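S.K.: Predicted structure and sequence below. I'll ask about it afterward.
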Amino acid sequence: MKSVLFAALILAGLNAAHAEEHLAVQRARAFAPAELKIRVGDSVRFSNEDAFSHSVLSSSEAKSFDLGTLPKGTQRSVTFDKTGVVDVICGIHPNMKMRIVVAP
């Protein structure tokens, strides 16, 4: 039992050591990129580069979050802890959409 736990801790550490941070920009009332492929443990930093506020949220089963309102120049991050497809929207501008595909 101890060896299984030890192996799980080592794998978790290896995944954390390889985690990456990706950038998603809000500009011209759009997310860029519109689709992003990442791995479990990675994070996405959302950066509002528009002259007005946006929000960032998802109610997807793979990851549900609400970063609230991001004024111009604001950045916030989310870490993705399981596989799946995460559809992201701006609650202020419903035509702004992004898809994040989280792989193992």
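M.R.: Sure thing, it's come through.

S.K.: Could you tell me the per-residue confidence at His18?
M.R.: On pLDDT, His18 comes in at 83.

S.K.: Who are the contact partners of it?
M.R.: Shown in contact with His18 (Cβ atoms under 8 Å, 6 or more residues apart in numbering): 39, 41. Just so you know, the C-beta spots here come from the backbone N, C-alpha and C atoms, and that holds for glycine as well.

S.K.: go on, Arg29?
M.R.: Per Cβ under 8 Å, 6+ apart, neighbours of Arg29: 50, 90, 93, 95-96.

S.K.: Of the residues you listed, which is the most crowded?
M.R.: Counting neighbours by other Cβ atoms under 10 Å, Cys90 comes out on top of the contacts of Arg29 with 24 neighbours.

S.K.: what does the model give it for pLDDT?
M.R.: 97.

S.K.: Now it. Nearest residue, chain neighbours left out?
M.R.: Met96 (3.8 Å; Cβ to Cβ, 6 or more residues apart in numbering).

S.K.: So that neighbour is in contact with Ile89, correct?
M.R.: Yes. Here Met96 reaches Ile89: they are 6.4 Å apart, a contact under Cβ atoms under 8 Å.

S.K.: in this protein, which spans are strands?
M.R.: Taking DSSP state E as the test, the strands found in the chain are 21-27, 30-32, 35-39, 43-48, 54-59, 64-70, 75-79, 84-89, 97-103.
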